[in-house]
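Student: model this:
(one chain, ligands or ions: 1)
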Amino acid sequence: MYLFDIDGTLLLTGGAGSIAINQLFSERYGVQGAMDTVSAGGKTDDMIFQECARKDMQRDLSEEEVRDLVRAYVPLLRAELLSAPSFRLMPFVRECMAFVSEIHDIVGIATGNVEGAAMAKLERAELADHFHFGGYGSDSPRRPELVAAAMRRGRERAGRTLSDEEFVVVGDTLHDITAARANGARVIAVATGSVSKEVLGAAQPDALFDTLEELPEWHHRHFKLGTSR
Ligand SMILES: [Mg+2]
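Tutor: Numbers count the residues shown, from 1 in each chain. Next up, the predicted model:
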């Protein structure tokens with residue numbers, strides 16, 4: 001059962017996420033360029049908000065402040081996604097999702113985005129229909145825990161026993177790899193995001209792709225029956 005990361009794996013928002021966060025910190029705290037020098041790859045939205053606060057305000061945000069920021073962030077992101085000129089899908093995403101949807105009844109998400117932000121991005125990409133459950137940054141600020149949440153929901157949706165290693169996390173950063181490993185899941189690293197193939201390879205994922213075009217062949221090699229619903 002596949003669990004896909006979103007940013008850098010399925011799509012790039014072309015800066016819409018950073019623009020929305022900058023706008024949010026400007027409106028709430030009068031801080032300009034909150035996302036400058038913050039690298040978001042593989043991090044949860046909570047972690048990103050905290051990093052911005054530490055960098056520009058030298059303090060941590062309270063849980064209530066984070067909840068409040070998330071509520072304001074999702075509509076800002078939605079608006080920004082509509083006008084983001086360089087929003088784009090990663091190569092072969094539609095082909096990959098068509099393949100995965102063919103072999104599995106249910107497909108999941110494992111992303112650091114809060115659920116509302118994840119949905120906004122998947123809808124903008126017209127990919128939302130391919131996914132049936134997920135683990136999100138709104139489940140936990142810690143990535144291993146949101147992957148665990150995705151696996152729990154996958155098992156509930158499947159209504160059958162699934163071993164940890166029947167789950168395959170697909171992501172573009174080292175955080176995806178360590179979070180998958182922490183849960184006993186397999187992990188495919190795809191070098192379409194901000195992390196090089198060399199760096200991803202050093203973390204020894206179960207598979208390392210240039211693009212998602214390679215997923216169907218890998219799947220057939222590793223799940224020999226061809227289908228595993
Ligand atoms: Mg990513």
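Student: regarding this protein, what is its longest helix?
Tutor: The longest helix of the chain (DSSP state H) is helix 63-83.
Student: so residue 95 sits in a helix?
Tutor: Yes. When the secondary structure is assigned by DSSP: H, G, I helix; E, B strand; the rest coil, residue 95 falls within a helix.
Student: list the contacts for it?
Tutor: For residue 95, the residues meeting the contact criterion (C-beta atoms under 8 Å, 6 or more residues apart in numbering) are 212-213. For glycine as for every other residue, the C-beta is placed from the backbone atoms N, C-alpha and C.
Student: next one: it from residue 83, what distance?
Tutor: Noted for residue 95: a distance of 27 Å to residue 83, by C-beta to C-beta, to the nearest Å.
Student: now residue 3: how far from residue 66?
Tutor: When C-beta to C-beta is the yardstick, residue 3 and residue 66 sit 24 Å from each other.
Student: go on, residue 109?
Tutor: Here the criterion is C-beta to C-beta. By it, residue 109 lies 21 Å from residue 66.
Student: how much space separates the residue of the chain positioned farthest from its centre from residue 198?
Tutor: The centre of the chain is farthest from one residue, residue 30, which by C-alpha atoms, centre = their mean lies 28.8 Å away. Distance, residue 30 to residue 198, using C-beta to C-beta: 41 Å.
Student: please apply the same query to residue 96.
Tutor: Computed with C-beta to C-beta, the distance linking residue 96 and residue 198 is 23 Å.
Student: before we move on, what about residue 183?
Tutor: Distance of residue 183 to residue 198, given as C-beta to C-beta: 25 Å.
Student: who has more neighbours, the two?
Tutor: Just comparing residue 183 and residue 198: by other C-beta atoms under 10 Å the higher neighbour count belongs to residue 183, 22 against 9.
Student: you'd agree the more buried one is up against residue 164?
Tutor: Yes. In this structure, residue 183 sits in contact with residue 164. The criterion is C-beta atoms under 8 Å, and the distance is 6.1 Å.
Student: quick check: neighbours shared by these two?
Tutor: residue 151.
Student: in stretch 181-190, what's buried?
Tutor: With burial defined by 16 or more other C-beta atoms under 10 Å, the residues of stretch 181-190 counted as buried are 181, 183, 185-190.
Student: ok, now stretch 188-201?
Tutor: Within stretch 188-201, the residues that count as buried by 16+ other C-beta under 10 Å are 188-193, 195, 200.
Student: show me where pLDDT drops low in this structure?
Tutor: Filtered on pLDDT under 70, the chain yields the residue ranges 225-229.
Student: three-state assignment of residue 208?
Tutor: Secondary structure, three-state DSSP: residue 208 is strand.
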